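Undergrad: What would the 3D arrangement of this be:
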Amino acid sequence: MKVIVVLPSNVLHFPPVISLVNILNNLTIQTTLITTKTCFDDSKLDFVKLEQIDIDYESVSNPAKKLLLIPSLSRKIWKLIDKYYDDETLIWSVSNLSLKYLGNKIKNYRYVLHLLELSEDLRYHEKLPIIKLDSHMLAERAKAVVVPEYNRAHITQAWWELTNTPLIFANKPYINYEIVHNSKISDPKAAEILNQIGDRKIILYQGIISPERPLDKLIKAVGSLGDRYAFVVMSGGKDIYADLGVENYYFIPFVKPPYHLEITSRAYIGVLSYFPTKSTGYSVLNSLYCAPNKIFEFGLFGIPMLGNNVPGLKFLFDTQKCGVCLNSFDEEDICTAITEIEINYDLYSSGATSLFSSTNSEEEVKNILKVVKDRWNVNDVY
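TA: Take a look at the predicted model:
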């Protein structure tokens, strides 16, 4: 079997895709990655056949202009696919974005439909709900539908009226070299900021900054605890919290994976923040049943976690004893939760480590490939 992974975006912003490619390589599966806007000079993916396309879809905000771009860019992607596709090849389509370009044509090929977010349907643009793909047909024709979390699998099956429950590939980092606790920092800017922080206990948020992931009350609460702590945000977004006036708040700009884990390794507590909002372009259930890769990234180093009370977090926190969930981000309650974690740090740290060990990403990919092989010649029309 050969695999063509399609993600027409910056793959460095999608750690699960890097994990997938690393696993496919470890399984000695010949892999071609079709992507864009990506610098792989030191990303440790030099073993992958890389095909990059000239595309600037995400910088265009006007939905009508975005639609006009799709046909020409779709032709470029399919030209690359047809360059490598044969009767031993599987297309691994990652995210809704890929399907915007691949379109209904993909039904004539062998493919996996890998959904990174929870979507009620497949739209070309969230502001143009009438123009959309047939999610039921595309998912039924796929050799496998893949999602990152158990609840999402069953929700997607119900929404899309699928015969088979989607398979799970958790958003767990799978890296091909060792990163240890309190690791040396490769990124110069991050190293400079961590030197300023010194030996203070780092409470870390890493990920995108958006309305569904508010951090202001967390930052203020940690600020009230004084110099023993530092609240650190590591993100590729704009530092919107710089004007809060919290002295022990620090912002680290985007660090390319997997090197961002070096900063993660320095954290004392990891923060997760998920509040449902309709402004993201996905279902509001996307936040409720979140599947953040940072849960496993914190777990890799045995870092206890602090989050808000949504099903995607509370179930794991309760069963694995890896952290504390709050009903709301009230500043006083946040401080109390931090104290609770400090008092029972070894318990929560052990739970975080157990959470990380509970998932075997390579076995998940093997299972997906086994299902694909079982369905290999079913409904093939290519």
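
Undergrad: ok so Ala190 is a helix residue?
TA: Yes. Assessed with DSSP: H, G, I helix; E, B strand; the rest coil, Ala190 lies in a helix.

Undergrad: contacting residues for it?
TA: Residues near Ala190 by CB atoms under 8 Å, 6 or more residues apart in numbering: 234, 252, 255, 262-263. Bear in mind the C-beta positions are built from the backbone N, C-alpha and C, glycine included.

Undergrad: can you do 6 Å?
TA: 252, 255, 263 (CB atoms under 6 Å, 6 or more residues apart in numbering).

Undergrad: Where does confidence bottom out across those?
TA: Lowest pLDDT within those is found at Val255 (93).

Undergrad: Out of the contacts of Ala190, flag the one nearest to Ile81.
TA: Val255 (31.6 Å; CB to CB).

Undergrad: my guess is the closest one meets Ser186, correct?
TA: No. Between Val255 and Ser186 there is no contact under CB atoms under 6 Å: 8.3 Å.

Undergrad: Who has more neighbours out of these two?
TA: For Val255 and Ser186, the more surrounded residue by other CB atoms under 10 Å is Val255, and the numbers stand at 22 against 14.

Undergrad: and the closest residue to the more buried one other than its chain neighbours, how many neighbours?
TA: The shortest distance from Val255 to any non-neighbouring residue, by CB to CB, 6 or more residues apart in numbering, is to Asp187 (4.7 Å). When counting by other CB under 10 Å, one arrives at 19 neighbours for Asp187.

Undergrad: hang on, isn't Asp187 packed against Pro257?
TA: No. With contact defined as CB under 6 Å, Asp187 does not reach Pro257; the gap is 11.3 Å.

Undergrad: if we can go back for a sec, for Ala64, state which of the contacts of Ala190 is nearest.
TA: Once CB to CB is applied, the member of the contacts of Ala190 that ends up nearest Ala64 is Val255, at 35.5 Å.

Undergrad: in this structure, which helix or strand is least confident?
TA: Least confident helix or strand, the chain: strand 122-123 with a mean of 78, by mean pLDDT, DSSP states H and E.

Undergrad: Tell me which residues are up against that strand.
TA: Contacts of strand 122-123 (CB under 6 Å, 6+ apart): 96, 99, 129, 132-133, 135.

Undergrad: distance between the helix or strand following that strand and the chain's centre?
TA: Remark: after strand 122-123, the chain's next helix or strand is strand 132-133, criterion DSSP states H and E. Computed by CA atoms, centre = their mean, to the nearest Å, the chain-centroid distance of strand 132-133 equals 23 Å.
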